[in-house]
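A.B. asks: pasting a predicted model and its sequence here:
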Amino acid sequence: MKKISILMFFAFCFFSVSQLTAQITDKTKKEDKSKNSIGGKEHNAEIVGVKIGMDVPTALEAVFVNSNRKTGQEKPDSKRNEGKNNKDVRVLYKNLPQGDLQIVFAEGKVVKEVLLNYAKPPNIDDLRLPYTGDIGIALDGDRFDDRYSVGFTDSQKLQRIWWRDEKTTGGYSIRVQFFSPNKIKDAGAKFVVTTVQKLLHVTPGDQAKFAQAFSLSEK
């Protein structure tokens, strides 16, 4: 069964790219107009058009369309099995215009995590991300995006992290996170001016709700 599952996954990678292209392009345009925050569309709960809960063909098609891939580039650059009983599938796209992209498919079926290492790290001020948890007014008079909490990834406070949770109609929430560079030693994290990573995943504690929403065996 495991061999069959892997073969089925690769079969998905070779799907025809012509049927869904128009749909996704039109949908992306509509969402860009309606969901932008004060920090722009980078705050949307998607990365390169990929969203939590997408099935394999739709997610791979989103990458193909939004990264301007060419015919013959439908497949990710690599894949590996991981997670409980090695049932999850992580795929990697290298050197996309947006950066290096990783997608994790729960049980090889639906997206449960998306990670982008930015090729061109966005500026914190452009994203309207606050430097501390004390949300206020920026120097230019604009407000910061007050949906985000702010903290650090470890006790040394070398890497700053921003996160917010977004509810879904499936009953679970999605966590949107941004990370600063992690090698800030001399100047300190308070002088961070860019984010180097964006991460989407199921909010901790909501994994069972996510599994139930997509009829997954894992809880």
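C.D. replies: Ah, there it is.
A.B. asks: just give the closest residue to L115, not the sequence neighbours.
C.D. replies: Excluding the flanking residues, the one nearest L115 by C-beta to C-beta, 6 or more residues apart in numbering is Q102, at 4.4 Å. No exception for glycine: its C-beta is placed from N, CA and C like everyone else's.
A.B. asks: again, but for P97
C.D. replies: In space, P97 is closest to S67, 5.9 Å off (C-beta to C-beta, 6+ apart).
A.B. asks: re earlier: assumed the residue nearest to L115 was part of a helix.
C.D. replies: No - the assignment for Q102, made by DSSP: H, G, I helix; E, B strand; the rest coil, is strand rather than a helix.
A.B. asks: relative to K41, how far out is the residue nearest to P97?
C.D. replies: 16 Å (C-beta to C-beta, to the nearest Å).
A.B. asks: what's near enough to touch the closest residue to L96 other than its chain neighbours?
C.D. replies: With sequence-adjacent residues excluded and distances taken as C-beta to C-beta, 6+ apart, L96 is closest to S67, at 4.5 Å. The contact partners of S67, taken as C-beta atoms under 8 Å, 6 or more residues apart in numbering, are V48, Y93, L96, P97, Q98.
A.B. asks: need phi/psi at the third one.
C.D. replies: This means L96. Dihedral pair for L96: phi -70, psi 160, per degrees, to the nearest 10.
A.B. asks: residues touching it, list them.
C.D. replies: Taking C-beta under 8 Å, 6+ apart, one finds V48, V63, S67, A119 in contact with L96.
A.B. asks: please indicate which of these are buried?
C.D. replies: V48, V63, S67 (16 or more other C-beta atoms under 10 Å).
A.B. asks: give me the pLDDT value at C13.
C.D. replies: As predicted, C13 sits at a pLDDT of 53.
A.B. asks: what do you get for E74?
C.D. replies: Value for E74, per-residue pLDDT: 89.
A.B. asks: would you confirm that it contacts A62?
C.D. replies: No - at 11.9 Å, E74 does not count as touching A62 under the criterion of C-beta atoms under 8 Å.
A.B. asks: the two: who's more crowded?
C.D. replies: Neighbours were counted for E74 and for A62 using other C-beta atoms under 10 Å; A62 has more, 23 against 17.
A.B. asks: which residues of the protein score low on pLDDT?
C.D. replies: For the chain, applying pLDDT under 70 flags the ranges 1-37, 133-142, 183-192, 218-219.
A.B. asks: for it, just list every one of the helices.
C.D. replies: If DSSP state H is used as the criterion, the helices of the chain fall at 2-13, 21-34, 56-66, 124-127, 207-213.
A.B. asks: how far is the third one from where the chain is centred?
C.D. replies: If I follow you right, that is helix 56-66. Distance of helix 56-66 from the chain centroid (C-alpha atoms, centre = their mean, to the nearest Å) equals 13 Å.
A.B. asks: packing partners of it?
C.D. replies: helix 2-13, helix 21-34, strand 99-106 (3 or more C-beta pairs under 8 Å, 6 or more residues apart in numbering; DSSP states H and E).
A.B. asks: Y93: how many residues sit nearby?
C.D. replies: By other C-beta under 10 Å, neighbour count at Y93 equals 23.
A.B. asks: can you pull the contacts of the nearest residue to it once chain neighbours are set aside?
C.D. replies: Spatial nearest neighbour of Y93, excluding adjacent residues (C-beta to C-beta, 6+ apart): L101 at 4.3 Å. Contacts for L101 were tallied using C-beta under 8 Å, 6+ apart; they are I47, V48, V50, V63, L92, Y93, V114, L115, L116, N117.
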